[in-house]
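Visitor: A predicted structure for the sequence below; I have some questions about it.
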Amino acid sequence: MSESRGQNRVQLVDPARTTGVIGRLFAEIRGKFVMVPNLFRVLANAPAALEGLMALSSALAGGALDEKTREQLALTIAESNLCAYCLSAHTGIATKIGLSRVEIDDAIRARASDARTDAILKLARSIVVQRGELSDADLAQARAGGLSDGEIVETVANVALNIFENYMSHIARMPIDFPHHESNEASDR
């Protein structure tokens, strides 16, 4: 696996040379990030993939899980998948939206001080680690944490969205264009 570490393996689309659908999507992305992060530049190679990611993200933004919870989920999932790119990106986004250093560190470890958020993060970690094969006890634990069936479904949708980002990052190995944040995996041993 390490034979091409540090080498971009999928072409980055140049934002200055885009028109049409990709140009419009990049304009939306710039509105949120001020730049076009490398993950989106890779996804632009397949406009349907970029459009799909953005549509799912937008739909979930209107759901029951607020922005803070969705970022905590993204941190839990990035750490679970050992995705340095997404961990760095979502740490930066989490800081920007007001999560404290403690909240970020806790989310990376799939925990939160709020019982409902804690249940969501633990459910997300279980979904990733167990590849969706949850036991009745796992679901009972989520419900005991106060999650409704709708929140369980939204958690699964957020896991899927973030796994897509994580896997694309792993496959492309594009440069991290956010302040770098190392996985806690090594420091927790």
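Guide: Now that the structure is in, tell me what you want to look at.

Visitor: how many neighbours does the residue nearest to Val128 when sequence neighbours are not counted have?
Guide: Leaving out its chain neighbours, the residue that sits closest to Val128 by CB to CB, 6 or more residues apart in numbering is Ser80, at 4.1 Å. C-beta coordinates here come from the backbone N, C-alpha and C atoms, glycine included. Applying other CB atoms under 10 Å, we find 23 residues neighbouring Ser80.

Visitor: does Ser80 really touch Ser126, like I thought?
Guide: No: the criterion here is CB atoms under 8 Å, and Ser80 misses it with Ser126 at 9.5 Å.

Visitor: okay, and the helix or strand of the chain with the least pLDDT?
Guide: Scoring the helices and strands of the chain by mean pLDDT, DSSP states H and E places helix 20-33 at the bottom, with a mean of 93.

Visitor: now Leu87: how far from Ser169?
Guide: 10 Å (CB to CB, to the nearest Å).

Visitor: which strands and helices sit next to the helix or strand hosting Asn166?
Guide: Under the criterion of DSSP states H and E, Asn166 resides in helix 149-172. Secondary-structure packing of helix 149-172 (3 or more CB pairs under 8 Å, 6 or more residues apart in numbering; DSSP states H and E): helix 38-43, helix 47-61, helix 67-80, helix 84-96, helix 115-129, helix 136-144.

Visitor: what are the buried residues along the helix or strand following the fourth one?
Guide: Toward the C-terminal end, the helix or strand that comes next after helix 84-96 (DSSP H and E) is helix 101-108. Neighbour-count burial for helix 101-108 flags 103-104, 106-108 (criterion: 16 or more other CB atoms under 10 Å).

Visitor: need those in CSV (columns: distance to Gly20 and pLDDT).
Guide: What follows is the buried residues of helix 101-108, written out as CSV (distance: CB to CB, whole Å; pLDDT from 0 to 100):
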residue, distance to Gly20, pLDDT
Glu103, 40, 98
Ile104, 37, 97
Asp106, 42, 98
Ala107, 37, 98
Ile108, 38, 98
